[in-house]
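Q: Predicted model and sequence follow; I will ask about them next.
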Amino acid sequence: MDAAAGTGAGSTGAGRTGAPGPWSGDRTYVRRVLIALLLVGLAATLWLASHALLLLFGAILFAVAIRGLAGLLRRVLPVGEETSVVIVLLILLALAGGVGFLFGSQISQQFSKVAQQVPDSLQKLEDTLRSTGWGQQLLALTGGVPLTGDGGQGGGQGGGQGGAGAAPDGGSGGAGLGWLVRQAGSVAVAITGALGDLLLVLFGAVYLAFQPGLYRAGIEKLVPKDRTDQIVRALDATGGALWKWSAGMLVEMVLVGALTMVGLWLLGVPAPLALGLIAGTLEFIPIVGPILAAIPAILLAFTVSPDLALWTALFYVALQQVEGNLILPLIQRRAVALPPVVSLFALLVFGSLFGAIGVLLAVPLAVTAMTLVQVLYVRDTLGKPVTVEGG
C-alpha cells in the first residue's frame with residue numbers, strides 16, 4: 001500500500017513537472033501575438049520615420065565621401081584623421097567659394113535665362129506643331145492639353161477664346177493673381193524644405209566624418225558578442241563599397257558636365273555653363289538623369305532654330321555612347337558597378353516608396369543592400385566564395 005502510494009505520489013509529481021499545464025498553450029499563443037504586434041509596430045515606426053532615415057543615409061553617404069577624400073590626403077600629407085577631415089572640408093568650402101566668386105554671376109544669369117526661355121521654347125514648339133497636320137495629330141494624343149500648361153492658345157481658336165483661357169479660374173484677373181500667389185507659396189515651401197533637408201544632411205555628415213568610431217561602437221553594442229566581428233566586417237565592406245561608388249560617381253559627374261558644357265558651347269546653344277551643371281548634377285540619377293538633362297538643352301536650342309535642336313539631340317545621343325563605352329568602363333575598373341537592371345528597378349522601387357529623395361538615393365541604397373547580402377548571407381551564411389565590392 002505504501003508502495004502504491006509512493007507510486008501515485010511519484011506519478012503526481014511527474015505530472016506536475018513534465019506535463020504541460022492547461023494555460024501553457026495560451027501563453028505561447030499570446031507571446032507570439034505580442035511579438036507579431038511588436039514587429040508590426042516597429043515596421044510602422046520605420047515607415048513613418050522613413051524620410052528622416054533617408055536623410056540619415058544621405059549624411060552617411062556624404063560622410064563616407066569626406067573620409068575617403070581625407071584618406072587620400074593622408075597618403076600625401078603626414079596628418080591625423082581629424083586634421084585631414086578639417087583640411088578636406090576647408091578645400092571643399094574654398095572650391096565652392098571660388099566657383100561662386102568667379103562664375104556665380106554668370107551661372108545665375110544663365111539659370112535665369114534657362115527658366116525664362118524654356119517656356120518660350122515650349123510655346124514655339126507648340127505653334128510649330130499646330131502648323132502641320134502630323135503635329136496636330138500628335139497634340140491630339142495629349143488630349144488637347146497645351147505644352148505650356150495654360151490655355152492661352154485655346155487649341156487654335158479665336159482671340160477672344162484664347163484670352164478667356166489665359167488666366168486660371170475662369171480668366172478673372174483677381175482669381176489668376178490668387179492662383180499665382182498659391183503657386184509661388186507652394187514653390188517657396190518646397191524650396192525651403194529642400195534647403196532644410198540639405199542642411200541637415202551636411203551637418204550630419206560633418207559630425208559623422210569627425211567621430212565615426214563613436215557611432216560605430218554604438219552599433220556594435222546592439223549586436224550579440226558572437227556576431228560582433230561579423231557586423232564589423234559588414235560595416236567595413238559597406239563603407240568601402242559606398243566610397244568606391246561615390247568616388248566613381250564624382251568623376252563621372254565632373255566629366256559629363258564638362259563635356260556637355262564644351263559641346264553645347266561649340267554648337268552655339270544658349271546658357272552652356274548652366275546646362276553643363278544640370279547635366280553633371282543629374283548624372284547622379286542613372287538612366288533617367290541624362291534624359292532629363294537633355295530636355296532643357298534641346299528646348300533652348302529650339303529657340304534658336306529647329307536644326308540646332310536636332311544637332312543638340314544628336315550631341316546628347318553621342319555623349320551617351322561615349323559615356324557608356326568609354327567613360328563608364330574606365331571608371332568601373334576601380335569603382336562599384338551595378339547591373340543596369342538593378343539600377344533601374346532600384347529607381348522604380350525606392351522612387352515609388354519614398355518619392356524624389358528615394359530616386360536620389362536609390363543607387364547607393366542598392367549598393368548597400370547588395371554588399372550586405374554578399375557579406376552576411378552569401379559568404380557568412382552560405383559559405384560560398386564571393387568577391388565583395390567594398391573589400
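A: That came through fine. Residues are numbered from 1 along each chain as shown.

Q: Please enumerate the helices of the stretch 101-250 of the chain.
A: 133-141, 159-164, 173-210, 212-221, 228-267 (DSSP state H, counting those that start in this stretch).

Q: What is the neighbour count of residue 28?
A: A count of nearby residues for residue 28, using other Cβ atoms under 10 Å, gives 11. For glycine as for every other residue, the C-beta is placed from the backbone atoms N, C-alpha and C.

Q: Tell me the first helix or strand C-terminal of the strand or helix carrying it.
A: According to DSSP states H and E, residue 28 maps onto helix 24-48. Using DSSP H and E, the helix or strand that follows helix 24-48 towards the C-terminus is helix 50-76.

Q: That following helix packs against which elements?
A: Secondary-structure packing of helix 50-76 (3 or more Cβ pairs under 8 Å, 6 or more residues apart in numbering; DSSP states H and E): helix 81-130, helix 173-210, helix 228-267, helix 340-354, helix 356-360, helix 362-372.

Q: let's go with 7 Å and repeat that
A: helix 81-130, helix 173-210, helix 228-267 (3 or more Cβ pairs under 7 Å, 6 or more residues apart in numbering; DSSP states H and E).

Q: And the first one, what does it pack against?
A: Using 3+ Cβ pairs under 7 Å, 6+ apart as the contact criterion, the neighbours of helix 81-130 among helices and strands are helix 50-76, helix 133-141, helix 173-210, helix 272-282, helix 288-304.

Q: Go again with 6 Å.
A: Applying 3 or more Cβ pairs under 6 Å, 6 or more residues apart in numbering; DSSP states H and E, we find helix 81-130 packed against helix 50-76, helix 272-282, helix 288-304.

Q: buried stuff in the last one?
A: Neighbour-count burial for helix 288-304 flags 289-290, 293-294, 296-304 (criterion: 16 or more other Cβ atoms under 10 Å).

Q: what's next to it, contact-wise?
A: 114, 117-118, 121, 125, 269-270, 275, 278-279, 282-283, 308-309, 312-313, 316, 320 (Cβ atoms under 6 Å, 6 or more residues apart in numbering).

Q: Just want the angle from it to helix 228-267.
A: 10 degrees (axes from the mean of the first three to the mean of the last three Cα atoms, to 10 degrees).

Q: Tell me what angle helix 288-304 forms with helix 272-282.
A: 160 degrees.

Q: How far off centre is the next helix or strand after helix 288-304?
A: For helix 288-304, the following helix or strand on the C-terminal side (DSSP H and E) is helix 306-322. Distance, stretch centre to chain centre, for helix 306-322: 26 Å (Cα atoms, centre = their mean, to the nearest Å).
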